[in-house]
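A.B. asks: Structure here, sequence nowhere to be found:
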Ligand SMILES: [Zn+2]
C-alpha cells in the first residue's frame, strides 16, 4: 500500500509538451490545491515550436519562466525532441530520454524518475530501454477508464483524458469510493486542447469537483505511484 498520508484515494494530473497555456493551467491547479506532473521536451522550449489547432496557434514556451510557472508540481521527461521512440535506434532512444532528463534536472534543480511516452508510442524494446535508463514510471495514452492502481508502472495508463465523455460519473465514483484497496484518479491531457477546444470552463469544473476533500490525497504522479514518503 502506498503512503498517501494514511489516505486510500489519490488524485493526480499529467500534462504534456510545455505549452504557453500551461501558465493558465498551473495557475488553476494552484488555486484548487491540485498537483500535476508536467512532461517536458527540453529541445523544443521556444515559441517557434508551434502549430495551429482549430484555428488557434499553439506555442511552446521559453524555459526562462518555467521554474516559477511549474513551482510545486513535478517535472518529468517527454523526450528532448518529442520523438516516437519506437522509430529510433537503441542509442537514439537513450539519448532522447537521458539528455532530456539531464537538461530538465539542470533547469529545475530536481531529480527526475518519471516520464510520459511522446505520441503514447512504446514497444517491448523501448520499455526495456526505459527501465535500463532508470525510469520508474511512464505514462502511456492507453486510458484505463477505471480507478485501479496500475500493475505495471512503466506502461501505466491514466484513468482518463479530460475530454472523456464519462469523466463526471468517474469523478463521482471516485469521490464515493469507500472500499479497502487504493483508488487512483489520474487525469491527463494538453493545455493547448483546452485553449483550442475552448473548454477551460470544463477543466475548471473538473478541478472544482475534485478539490477540497479531506479523505483524498492530492499528489504528483511520482507521489501517487511511488508513494509520498
Ligand atoms: Zn506530447
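C.D. replies: Alright, I've got the coordinates. Worth saying up front: this structure is predicted, and the values here are computed from it rather than measured.
A.B. asks: partner residues bridging the residue in the chain positioned nearest to the ion?
C.D. replies: Nearest residue of the chain to the ion (Cβ to the ion) works out as residue 16 at 3.9 Å. In short, each C-beta sits where N, CA and C put it, glycine included. Going by DSSP bridges, residue 16 is paired in beta bridges with residue 39.
A.B. asks: can you check residue 188 too?
C.D. replies: residue 14, residue 161.
A.B. asks: check contacts around it.
C.D. replies: 13-16, 116, 139, 141, 143, 158, 160-162 (Cβ atoms under 8 Å, 6 or more residues apart in numbering).
A.B. asks: same thing but at 10 Å, please
C.D. replies: Going by Cβ atoms under 10 Å, 6 or more residues apart in numbering, residue 188 touches 12-16, 36-37, 39, 116, 139-141, 143, 157-162, 164, 221.
A.B. asks: just checking, residue 109 touches residue 67?
C.D. replies: Yes - if you go by Cβ atoms under 10 Å, residue 109 and residue 67 touch, sitting 7.6 Å apart.
A.B. asks: Tally up the residues packed near the closest residue to residue 53 other than its chain neighbours, please.
C.D. replies: Distances taken as Cβ to Cβ, 6 or more residues apart in numbering put residue 196 closest to residue 53, at 4.2 Å, once the chain neighbours are dropped. Look at residue 196: counted by other Cβ atoms under 10 Å, it has 17 neighbours.
A.B. asks: Also residue 123?
C.D. replies: Neighbour count for residue 123, taken as other Cβ under 10 Å: 10.
A.B. asks: Touching, it and residue 88? I think so.
C.D. replies: No - applying Cβ under 10 Å, one finds residue 123 not in contact with residue 88, separated by 11.3 Å.
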